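**Q** Mind looking at a prediction? Sequence and model below.
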Amino acid sequence: MQNNNRLRIVIQKSGRLSTDSKQLLIQSGMKIDLEDKRLITFSENMPIDVMCVRDDDIPGLIMDGIIDLGIVGENVLKEELLKRQSKLEDSNYIKLMRLDFGHCKLSLSIPINTNYFDINFFNHTRIATSYPYILKKYFDDKNIIFKSCSLNGSVEVAPSAGLADGIFDLVSTGATLKANGLREVEVICYSYACLICKSNNMNLFKKSIINKLLTRIKGVIKARESKYIMLHTPRSQLKKVMKLLRGAEEPTIIELGNDNKKVAMHVVSSENLFWETMEELKLLGASSILVLPIEKMME
């Protein structure tokens with residue numbers, strides 16, 4: 001019998017979100033061996049069990065209230081939501097936050113040598129896709145009549161095999177499209193990984209664990225987006241340097257031992273620090289510029 005005081009989390013077993021999801025849980029302080037091939041793995045230091053399944057099973061496990069928390073692509077979540085709504089099935093869930101990985105887009109693509117004018121090109125065409133409900137919703141809104149050819153894999157080969165006139169599928173770099181003689185013509189929506197939870201029957205203990213995890217996950221993401229910067233700067237240029245390095249809070253200013261004209265400045269910067277920024281700092285008279293990664297962060 002399931003222990004109702006252990007939080008159950010579901011993530012993708014294998015695929016484009018799997019590695020990042022596992023790393024996020026571990027970086028959030030969970031001691032757990034997620035390289036194990038078992039369906040369910042138990043955390044050593046927190047009351048958490050992690051289940052690894054196919055990505056398209058994740059939304060249903062949350063919406064049916066079987067699992068408490070899940071990491072899933074917004075594309076998979078939206079497809080399941082539209083599917084359940086079309087069948088008048090329960091589709092309740094809570095989206096807690098969008099994560100900083102799993103970025104992709106759902107796009108319409110056609111053979112590379114086909115002339116394309118606008119979205120009406122797809123009227124009375126046959127489209128291969130793993131996302132028939134998202135595609136139907138989009139074309140219904142555009143009053144476009146089409147036939148859907150549902151495929152769960154190798155969607156890109158459908159046009160060359162004579163199965164479809166075009167495809168509707170995930171696009172990351174576009175390399176797979178090019179390799180199959182296709183080109184992207186319309187971006188329908190963008191997707192990231194997101195954290196979702198069930199909407200009912202959550203006891204206070206589990207809610208407290210989720211809140212703790214949320215704080216830690218936000219800290220991990222904030223740390224990835226930030227850098228710790230140390231430098232020496234002329235006192236006369238301090239305001240200009242601070243303007244270049246916008247931080248989470250005010251910088252720390254430290255007196256230097258034998259130089260009254262300069263100060264040391266330490267700051268956590270939430271902006272990307274490019275070589276151009278460092279060169280601008282140098283022109284302002286800054287020296288000993290160090291840019292360091294941040295492992296963990298809590299505001």
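**A** Now that the structure is in, tell me what you want to look at.

**Q** Residue most distant from the centroid, this structure?
**A** Distance from the C-alpha centroid of the chain peaks at residue 258, with 47.9 Å (CA atoms, centre = their mean).

**Q** Residue 67 reaches residue 198, doesn't it?
**A** Yes. Counting by CB atoms under 8 Å, residue 198 is a contact partner of residue 67 at 7.0 Å. Placement of C-beta: from N, CA and C, glycine included.

**Q** In the helix or strand encompassing residue 109, which residues are buried?
**A** Here residue 109, judged by DSSP states H and E, is contained in strand 104-111. For strand 104-111, burial by neighbour count (16 or more other CB atoms under 10 Å) applies to 104, 105, 106, 107, 108, 109, 110.

**Q** Which residues does it contact?
**A** Outside of strand 104-111, the residues within contact range by CB atoms under 8 Å, 6 or more residues apart in numbering are 16, 73, 75, 116, 121-122, 127, 131, 134, 159-160, 165-172, 177, 181-191.

**Q** In strands, which of these fall?
**A** 73, 127, 166-171, 182-191 (DSSP state E).

**Q** Are any of these buried, and if so which?
**A** 73, 127, 166-171, 182, 184-186, 188, 191.

**Q** which intervals of this protein have sub-threshold pLDDT?
**A** 1-3, 36, 248, 271-273 (pLDDT under 70).

**Q** Pop the domain breakdown of it in here.
**A** 7-101+193-223, 104-191, 226-293 (automatic domain parsing).

**Q** Now tabulate those domains in TSV and tack on distance to residue 299.
**A** Converted to TSV, the domains of the chain look like this (distance: least, CB to CB, whole Å):
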stretch	distance to residue 299
domain 7-101+193-223	7
domain 104-191	27
domain 226-293	6
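
**Q** Endpoints of stretch 115-128, how far apart?
**A** 19 Å (CA to CA, to the nearest Å).

**Q** now what about it, what contacts it?
**A** 108, 110, 135, 139, 142, 144-151, 155, 158-159, 163-169, 185-186.

**Q** mind listing what's buried in the helix ranked longest in the chain?
**A** Scanning the chain for the longest helix, with DSSP state H as the assignment, gives helix 204-225. Buried residues in helix 204-225, counting neighbours by 16+ other CB under 10 Å, are found at 206, 209-210, 213-214, 216-217, 219-224.
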